[in-house]
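Student: okay, predicted coordinates and the sequence, questions at the end:
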Amino acid sequence: MASPDDDPPTEAEVSGMANLQIENAETDGAPSATTSTPAATGDNPTTQLPIPGATPDLAPQPQDFSVVISNNAPGFKYKYPEAKPTPPGVDDAEWNKIFTAADSRFYNKAHKNANASKVKRGTGETRALALQMLQEKREKAAASAKDTGASTGPATKTKAPAARKSQPAKKEASTSSREMSPTTMDMAERIKTEGRARKAPSVAASSDRGTPAPSTAPKMGSAPPAPPKPQKPGPKKGPGPMKKKQDKKALSKGLLAPDTPSSSRQTSQTPGPKNGASSGDESNDGGEYCICRGPDDHRMMVYCEGGCEDWYHCSCIGIDEADAKELLDRFICPKCKIPGELFTTYKPMCRYFNVGTFLNQPACRKAARVTMDPPNMYCSDEHQNAFWVFVAARARQSNEPSKGGALNRAEIYTLLKQCKNVAEFQALGGKPRLPRKEGDDPDRPLGLDYLTPEEEKEIEEIKQKKLVIQHKIEGYQKQLKLLKMVIERAKIAAQHLKPEVKSICGYDNRLSFNEFQFEKWSKTVEGRTALETGVLGPRTAETKDINAAIPYPGQVIPEPPDVPDILNNICLRPENPKCQHNKLCSWKEVHNTDFAYNMKLLRDKLDKLTIQEMEIIDDAETREATKDYYSDNVTIQLF
């Protein structure tokens, strides 16, 4: 078999050479078994059948690979989209199997790397190899047809035993679905073939012994393979066979699927069978998985416990395969994720991981034994001892007291002895805190009781600034509500116009109010009614002077047209760039973006003022908590 690196022929060359070889085999070969009857050979009664005791109708026929059931059928489903279109003169099902076999070769050649085989499919190398395999398969079929025709021709007064001696050795018919092709045979021959298959239980299934090598056409005396049943394309949505109920205990641990749920698949870590190349289509159940909606391609997968019951490739969702085995506690896919309620969780990592990170060495990424009594933060006793050996080695060997530098062993021992629990040990080095009295409000900061007059004045100024900003945010929220009412009013007004008018501009000049004008409008009867009910009406005489244009001396102001109230103060021009309100972009997008951006800027200022306020209160608490420490210090003026 040629290697994938050879220059493959084109589709036209493959089709032409294969048809020429089949025609030569049919013309040069001896007559077939169906023409070896006395009626076909004249009056010679001594003409023998190719198989003793067999009838001409039941004689095995050579496989005809030129039979085409469907070519580029509209409803045919290819395993890989790159296999389309089918070469001329080739059956869709046969071409799909050959293309899948070519993809499996690249997959195994790349050490079971699905991404590498996907690249080969995209560059066209897989299709080129499939065309080369198709040519070789047709050459074998043509040669087999020629040999079969020669061996089944009429013998010249030869006895049956002599003809049997000249028969070649039997070859086992391939049972792989990939090597079968649609052939025509009689019903009696099919029954005999099925009977032989039932009488041979020792023959292993193709999935157990690996993918068999491509077999030649059946020789004389061997059972021809049964034609494959046409398989319906699987559903596009859902993982198909994976919709079975999963075991609750298995699912609670973040079920992993290196080989996906099908029991007949091989794991990506397990090497394939050595007696044959691994088959890509035998390990695929035809389902669609993951966010990529791709098939099972031997990559590790994890099961979603959020309700969708789907499997996801670790590489597609950004989860390391080693972490999925050791640390993943529960996986929730992006579709089922609920922020703060349902999300992916991991097990606590072994503390020895910090040692490897500090030393720039491979770190331990195994789960800690937190389920022990008491809980243990290490994956094993060895890493627990190694962690504390590392901590002891980092301690300063000198017994002199530290002055802001590394601690010596005696100081570390004193700290560990004084800390009653892990919380106290972790609080070492943090800001000193005041103890909270019993009955105090837990939400009220303790530093408020120890503020200086200057700090109280500063906090009061911050609160006043926050009130102004909050008032502006509420104003923009009301303007955003006005925008929604204007859009809704324009839709209602468009229904009262002529039928040929599909959409109108609908702009209302009340959207041009600045924050002061809008505040004035919102205090009028018109504004209060609109903001309370959510329904915008026409402009009234009370609000006509707000945002009104002041004419220059001598300017003639045209009278407004007399229109119904439902069309009052609305731009009735068609919604297109010719309208002055939609020249650059839609006024709806402009105002919506403007309001949203201004509210974001104000919220950012509000957050900064809140942080500034909390820092002042926190510093007051720290000052009170450390006053005894600083009272022991004495400041001496030396000059």
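Tutor: Perfect, thanks for sending it.
Student: on the three-state scheme, Ala128 is what?
Tutor: helix (DSSP: H, G, I helix; E, B strand; the rest coil).
Student: find the nearest non-adjacent residue to Asn568, please.
Tutor: What sits nearest to Asn568 in space, not counting adjacent residues and going by Cβ to Cβ, 6 or more residues apart in numbering, is Pro538, at 3.6 Å. For every residue, glycine as well, the C-beta is placed using N, CA and C.
Student: residues touching the one you found, list them.
Tutor: Going by Cβ atoms under 8 Å, 6 or more residues apart in numbering, Pro538 touches Asp565, Ile566, Asn568, Asn569.
Student: show me where pLDDT drops low in the protein?
Tutor: Across the chain, the ranges flagged by pLDDT under 70 are 1-68, 149-287, 499-501, 584, 630-636, 639.
Student: any idea where the strands of it begin and end?
Tutor: In the chain, the segments counted as strands under DSSP state E are 256-257, 301-303, 311-313, 328-330, 345-346.
Student: burial count for Glu526?
Tutor: 20 (other Cβ atoms under 10 Å).
Student: before we move on, what about Pro442?
Tutor: 5.
Student: repeat for Cys290
Tutor: 22.
Student: any idea how far it is from Glu559?
Tutor: 67 Å (Cβ to Cβ, to the nearest Å).
Student: to Gly439, which of the strands of the chain lies closest?
Tutor: strand 345-346 (36.6 Å; Cβ to Cβ).
Student: who does that closest one touch, helix- and strand-wise?
Tutor: For strand 345-346, the elements it packs on are strand 328-330, judged by 3 or more Cβ pairs under 8 Å, 6 or more residues apart in numbering; DSSP states H and E.
Student: which positions in the strand it packs on come out as buried?
Tutor: Leu328, Arg330 (16 or more other Cβ atoms under 10 Å).
Student: stretch 423-438 now?
Tutor: Buried, per 16+ other Cβ under 10 Å, within stretch 423-438: nothing.
Student: how far does that stretch stretch from start to finish?
Tutor: 20 Å (Cα to Cα, to the nearest Å).
Student: nearest to Asn509, of the contacts of Pro538?
Tutor: Nearest to Asn509 among those, with distances taken as Cβ to Cβ, is Asn569, at 6.8 Å.
Student: wait, that closest one touches Arg510, no?
Tutor: Yes. Counting by Cβ atoms under 8 Å, Asn569 touches Arg510, with 7.5 Å between them.
Student: neighbour count: these two, which is higher?
Tutor: When neighbours are counted by other Cβ under 10 Å, Asn569 and Arg510 differ, and Arg510 comes out ahead with 23 against 20.
Student: what are the neighbouring residues in contact with that one?
Tutor: Leu482, Val486, Trp521, Arg539, Asn547, Asn569.
Student: taking the residues you listed one by one, which sit in helices?
Tutor: Under the assignment DSSP state H, the contacts of Arg510 contribute Leu482, Val486, Trp521 to helices.
Student: got the contact list for the second one?
Tutor: In other words, Val486. So Val486 contacts Gly506, Tyr507, Asp508, Arg510, Leu511, Leu536 (Cβ under 8 Å, 6+ apart).
Student: can I get the residues you listed in CSV with distance to Gln426?
Tutor: Below are those laid out as CSV (distance: Cβ to Cβ, whole Å):
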residue, distance to Gln426
Gly506, 61
Tyr507, 60
Asp508, 60
Arg510, 58
Leu511, 55
Leu536, 58
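Student: looking at the residues you listed, which is nearest Leu428?
Tutor: Closest to Leu428, out of all of those and judged by Cβ to Cβ, is Leu511, at 58.8 Å.
Student: isn't the closest one up against His591?
Tutor: Yes. Leu511 lies in contact with His591 (Cβ under 8 Å); the separation is 5.6 Å.
Student: overlap in contacts of these two?
Tutor: Contacts common to Leu511 and His591, judged by Cβ under 8 Å, 6+ apart, are Leu483.
Student: about what we covered before: now tabulate the ones in helices among the contacts of Arg510 in TSV and tack on distance to Lys420.
Tutor: Below are the ones in helices among the contacts of Arg510 laid out as TSV (distance: Cβ to Cβ, whole Å):
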residue	distance to Lys420
Leu482	61
Val486	65
Trp521	64
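Student: quick one: Lys337 and Leu327, what's the gap?
Tutor: 18 Å.
Student: now swap in Tyr107 and tell me
Tutor: 29 Å.
Student: out of those two, which sits in the more crowded spot?
Tutor: Tyr107 (25 against 20).
Student: quick check: closest non-adjacent residue to that one.
Tutor: Ser117 (4.1 Å).
Student: ok, that neighbour - how many residues close by?
Tutor: Neighbours of Ser117 using other Cβ under 10 Å come to 25.
Student: report the separation between it and Pro85.
Tutor: 21 Å.
Student: ditto for Lys109
Tutor: Taking Cβ to Cβ, one finds Lys109 at 26 Å from Pro85.
Student: more neighbours: which of those two?
Tutor: Lys109 (15 against 12).
Student: measure the more buried one to Val590 for me?
Tutor: 58 Å.
Student: what's the answer for Gly447, then?
Tutor: For Gly447, the distance to Val590 - Cβ to Cβ - is 46 Å.
Student: for Asp323, give its distance to Phe353.
Tutor: Distance from Asp323 to Phe353, by Cβ to Cβ: 12 Å.
Student: could you list the domains of this protein?
Tutor: 1-40+57-156, 395-430, 456-546+561-598 (automatic domain parsing).
Student: now do the buried residues in the shortest one.
Tutor: Of the residues in domain 395-430, those scored as buried under the neighbour-count criterion (16+ other Cβ under 10 Å) are Asn408, Ile412.
Student: next, the distance between the ends of it.
Tutor: 20 Å.
Student: ok, back up a step: tell me which of the domains of the chain sits most buried.
Tutor: With neighbours defined as mean count of other Cβ atoms under 10 Å, those peak in mean count at domain 1-40+57-156, which reaches a mean of 17.
Student: for Ala116, see how far away Thr533 is.
Tutor: 65 Å.
Student: repeat for Ala395
Tutor: Taking Cβ to Cβ, one finds Ala395 at 50 Å from Ala116.
Student: list the contacts of Pro362.
Tutor: Gly356.
Student: ok so, going back, and the two most separated of the contacts of Pro538?
Tutor: Ile566 and Asn569, at 10.4 Å, using Cβ to Cβ across those.
Student: helices of the stretch 351-500 of the chain, residue ranges please.
Tutor: Remark: helices assigned in the stretch 351-500 of the chain by DSSP state H, counting those that start in this stretch are 353-358, 381-394, 409-418, 422-426, 453-494.
Student: relative to helix 381-394, how tilted is the third one?
Tutor: What separates the directions of helix 409-418 and helix 381-394 is an angle of 130 degrees, with axes from the mean of the first three to the mean of the last three Cα atoms, to 10 degrees.
Student: which strands and helices sit next to helix 409-418?
Tutor: helix 381-394.
Student: return the set of buried residues in the helix it packs on.
Tutor: His383, Gln384, Phe387.
Student: for the last one, what are its contacts?
Tutor: With contacts defined as Cβ under 8 Å, 6+ apart, Phe387 is in contact with Arg351, Tyr352, Val355, Tyr378.
Student: what number of residues lie near Phe358?
Tutor: 11.
Student: same question, Asp449
Tutor: Using other Cβ under 10 Å: Asp449 sits among 13 other residues.
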